[in-house]
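Undergrad: dropping a prediction and its sequence here:
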Amino acid sequence: MKTLGIIPARYASTRFPGKPLADILGKSMIRRVYEQASKSTGLAEVVVATDDERILQHVHDFGGRAILTSPVHQSGTDRCAEVLGELPAFDTVVNIQGDEPFIDPRQIDLLCTCFADPGTQLATLAKKISSTDELLNPNSPKVVLNHVSNAIYFSRAPIPYLRGQEQESWHLKHAYYKHIGIYGYRAEALKAITRLPVSPLEKAEALEQLRWIENGFPIRVAITELETLAVDTPEDLQRILVNLDIMKNI
């Protein structure tokens with residue numbers, strides 16, 4: 001099985017314009033993501049998918065591979081599908097977030113292992129929630145699993161509702177999981193889900209993976225104990241860099 005790692009990267013960002021090119025201790029954000037992804041043993045190749053010539057040229061300048069994609073894509077999944085159309089020799093694709101410059105390659109490796117099961121069409125990661133703040137944060141989507149580790153539902157709200165229990169203790173009474181936004185797709189499944197229309201649940205929660213569930217595509221979920229550090233705003237980046245321990249070996 002041959003797996004392609006794709007890093008979607010847009011220049012235009014409402015909260016952080018030019019984010020992929022932001023400097024992080026001497027290297028751009030997109031370069032750090034690319035270099036971390038390239039350490040994964042599960043990926044045969046890594047490519048940046050961008051709609052911006054500046055990002056394309058920058059990746060080429062540091063020796064990486066990048067492909068210019070359409071500016072009209074609504075999601076990284078759509079951008080991945082376009083790249084797969086140009087590089088059809090791959091069996092599976094891993095969609096790596098372009099705003100996680102410190103991603104641990106072991107998370108990518110873990111996601112890749114999901115496809116050892118021939119029945120896995122789509123896969124993602126989750127991490128057990130350990131605090132009330134994390135549980136109640138609507139910017140941190142949660143995922144509910146069934147007994148075979150497939151996703152039942154994703155929500156910005158804490159689900160299930162623990163009746164008769166104080167909300168502050170919910171994460172101590174029940175195993176809640178935070179969704180980690182890295183995705184894996186078999187090639188045919190990726191092509192299929194990008195042809196689906198936007199679904200009602202997707203509109204309600206603003207979570208594209210609900211479209212796949214609504215249309216009957218099971219999503220395998222692997223549990224990681226590793227934390228992710230996404231950069232949505234310049235303030236996020238400054239907070240992350242306060243803890244220089246994360247820069248070890250990166």
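TA: It's in.
Undergrad: and the residue lying closest to P71 once chain neighbours are set aside, how far is that from A89?
TA: Nearest residue to P71, sequence neighbours excluded (C-beta to C-beta, 6 or more residues apart in numbering): D51, at 4.2 Å. For the C-beta atoms, the positions are set from N, CA and C on the backbone; glycine is no exception. Note on D51: its distance to A89, by C-beta to C-beta, to the nearest Å, is 23 Å.
Undergrad: centre-most residue in this protein?
TA: I182 (2.4 Å; C-alpha atoms, centre = their mean).
Undergrad: and the gap between it and G26?
TA: I182 is 25 Å from G26, by C-beta to C-beta.
Undergrad: hang on, F154 in a strand?
TA: Yes: counting by DSSP: H, G, I helix; E, B strand; the rest coil, F154 falls inside a strand.
Undergrad: would you tell me what the next helix or strand after the lengthiest strand in the chain is?
TA: In the chain, taking DSSP state E as the definition, the longest strand is strand 177-186. Next along the chain after strand 177-186, taking DSSP states H and E as the criterion, comes helix 187-193.
Undergrad: quick one: distance of that next one to the chain centre.
TA: 17 Å (C-alpha atoms, centre = their mean, to the nearest Å).
Undergrad: and stretch 95-111, by the same measure?
TA: Using C-alpha atoms, centre = their mean, the offset of stretch 95-111 from its chain centre is 7 Å.
Undergrad: how far does that stretch stretch from start to finish?
TA: End-to-end distance for stretch 95-111: 10 Å, by C-alpha to C-alpha, to the nearest Å.
Undergrad: what average pLDDT does it get?
TA: For stretch 95-111, mean pLDDT is 95.
Undergrad: the longest strand of the chain packs against which elements?
TA: Applying 3 or more C-beta pairs under 8 Å, 6 or more residues apart in numbering; DSSP states H and E, we find strand 177-186 packed against helix 76-86, strand 92-95, helix 105-113, strand 122-128, strand 142-145.
Undergrad: return the residues in contact with the residue of the chain most remote from its centre.
TA: Distance from the C-alpha centroid of the chain, by C-alpha atoms, centre = their mean, peaks at G164 (34.5 Å). By C-beta atoms under 8 Å, 6 or more residues apart in numbering, G164 lies in contact with nothing.
Undergrad: do the same with G98
TA: Taking C-beta under 8 Å, 6+ apart, one finds I7, P8, A9, R10, K19, P20, M29, I30, V33, V48, G76 in contact with G98.
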